[in-house]
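Enquirer: Predicted model follows, preceded by the sequence.
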Amino acid sequence: MLDINTDKVCYVIAKARMFDVKEEISDPDSGSNPTDEDMRDILEDFADDPTQQELMSFIRGLDEEEQITLVALAWVGRGTFDKSEWAEALETARDEHNARTAEYLLSLPLLADYLQEGLEAFGENCSSFDEGH
């Protein structure tokens with residue numbers, strides 16, 4: 001029923017969770033020695049964050065139908081659409097699809113939760129992905 005492999009969705013969920021724990025930069029003039037800084041910078045959200053870049057690259061690398069499915073799945077998880085409205089969610093995502101899908105998805109503050117709940121609505125989960133990775 002989903003036009004995307006569940007492992008791909010689980011990968012996005014895992015990376016989105018890593019990205020979601022980032023916080024605003026608290027010390028822009030930080031030193032270069034993390035130990036001296038009590039490791040405060042490790043969870044700060046920098047523009048060139050490799051986790052964000054990896055996630056954006058992965059989403060951009062999906063084919064158009066996979067990107068559309070990912071957006072529709074997030075909408076189901078968010079409650080914008082119900083599972084029974086899946087065809088409508090896909091149609092809306094298809095109508096609104098553009099080259100900024102990765103940016104749109106990363107702008108959702110609870111992306112990982114939305115995707116997980118979307119998968120669960122279809123009786124899927126990431127347990128096999130978690131075991132294999």
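Expert: Thanks, I have it.

Enquirer: And the strand or helix carrying residue 102, what's buried?
Expert: Using DSSP states H and E, residue 102 sits within helix 101-107. For helix 101-107, burial by neighbour count (16 or more other Cβ atoms under 10 Å) applies to 101, 102, 104, 105, 106. In short, each C-beta sits where N, CA and C put it, glycine included.

Enquirer: Make sure residue 49 is actually in contact with residue 19.
Expert: Yes. Contact criterion Cβ atoms under 8 Å: residue 49 and residue 19 qualify, at 7.2 Å.

Enquirer: Between these two, which has more neighbouring residues?
Expert: Using other Cβ atoms under 10 Å, the more surrounded residue of residue 49 and residue 19 is residue 19, with 18 against 15.

Enquirer: any idea how far that one is from residue 91?
Expert: Applying Cβ to Cβ, to the nearest Å, the value for residue 19 to residue 91 is 29 Å.

Enquirer: Kindly report the same for residue 99.
Expert: As defined by Cβ to Cβ, residue 99 lies at a distance of 19 Å from residue 91.

Enquirer: do residue 77 as well
Expert: According to Cβ to Cβ, residue 77 and residue 91 sit 18 Å apart.

Enquirer: how about the residue nearest to residue 80 when sequence neighbours are not counted, secondary structure?
Expert: Among residues not flanking residue 80 along the chain, residue 89 sits closest, at 7.4 Å (Cβ to Cβ, 6 or more residues apart in numbering). Put simply, residue 89 is helix when judged by DSSP: H, G, I helix; E, B strand; the rest coil.

Enquirer: quick one: residue 89 from residue 81, how far?
Expert: 4 Å.

Enquirer: Next one, pLDDT for the nearest residue to residue 12 once chain neighbours are set aside please.
Expert: Leaving aside its chain neighbours, residue 12 sits nearest to residue 115 (6.2 Å; criterion: Cβ to Cβ, 6+ apart). For residue 115, the model assigns a pLDDT of 98.
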